[in-house]
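Undergrad: Need coordinates for the below:
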Amino acid sequence: MRFFTSDQHFGHVNIINFCRRPFHSVDNMNKLLVQNWNEVVSPDDTVIVIGDFAMGQIKDTLPLAKQLNGKKTLICGNHDRPWVGSVGNKASDFEKYFKWERTYLENGFKIVSSGSIPIQLGGRYDAIMNHFPYDGDSHEEERFLDHRPVNNGMILLHGHTHSADRGQGNMVHVGVDAWDYYPVSEDTIVDILDERKELGQIDNV
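TA: Numbering: from 1, shown residues only. Purely as a prediction, here's the structure:
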């Protein structure tokens, strides 16, 4: 089975207050995010993290990936060290990028990428995955406009907003803040898309 998730922000103290997460400490948050993940994901499952996995002291938080079940892919968000949006034009910038990419692979991710990645859901819905939504943000202003996908009607799985809203229309928000701090299964997402299609909220699919 495949699962999707984003925006764990492992090790990020301020995210607890910023998103009103129900944790009394960052250690408590880290522990329960790992526990919830492993409660629903088996070692043979695939989990696609659509950005912003670990923050804080990365040497302490990134290794938490090794505690998580499943075969893990990371589509980087703006807070992930190998995000292409943070790469400059100098040779040293590229060296730093590839060093971080290797570090994430060494800590349990099978694939590390950025941008818009195509996927088919349930064998019948063509979609893309990108950390950023077509519109919406966790701040008042819309940020990272150069890195957002263009809304041409394609279904989009995204994170970034830290909203409890699971998305509307052709956008499905997979961030933990919308899913009770659990990954969400492909079957659940397909059910959501089926319902939206029946209600006429999505078309061209």
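Undergrad: in the sheet, who's paired with Ile119?
TA: Assessed by DSSP bridges, Ile119 has beta-bridge partners Ala127.
Undergrad: Quick check: it touching Asn130?
TA: No. Look at Ile119 against Asn130 with Cβ atoms under 8 Å: they stay out of range, at 10.8 Å. Every residue, glycine included, has its C-beta placed from N, CA and C.
Undergrad: overlap in contacts of the two?
TA: Leu157 (Cβ atoms under 8 Å, 6 or more residues apart in numbering).
Undergrad: In terms of neighbours, single out the busier of the two.
TA: Per other Cβ atoms under 10 Å, whichever of Ile119 and Asn130 has more neighbours is Asn130, with 22 against 15.
Undergrad: In contact with the more buried one: list those residues for me.
TA: Neighbours of Asn130 in contact, by Cβ under 8 Å, 6+ apart: 50, 75, 115-117, 148-149, 156-158.
Undergrad: worst-scoring helix or strand of the protein, pLDDT-wise?
TA: The least trusted helix or strand in the chain, going by mean pLDDT, DSSP states H and E, turns out to be helix 91-106, with a mean of 88.
Undergrad: what packs against that one?
TA: strand 109-113 (3 or more Cβ pairs under 8 Å, 6 or more residues apart in numbering; DSSP states H and E).
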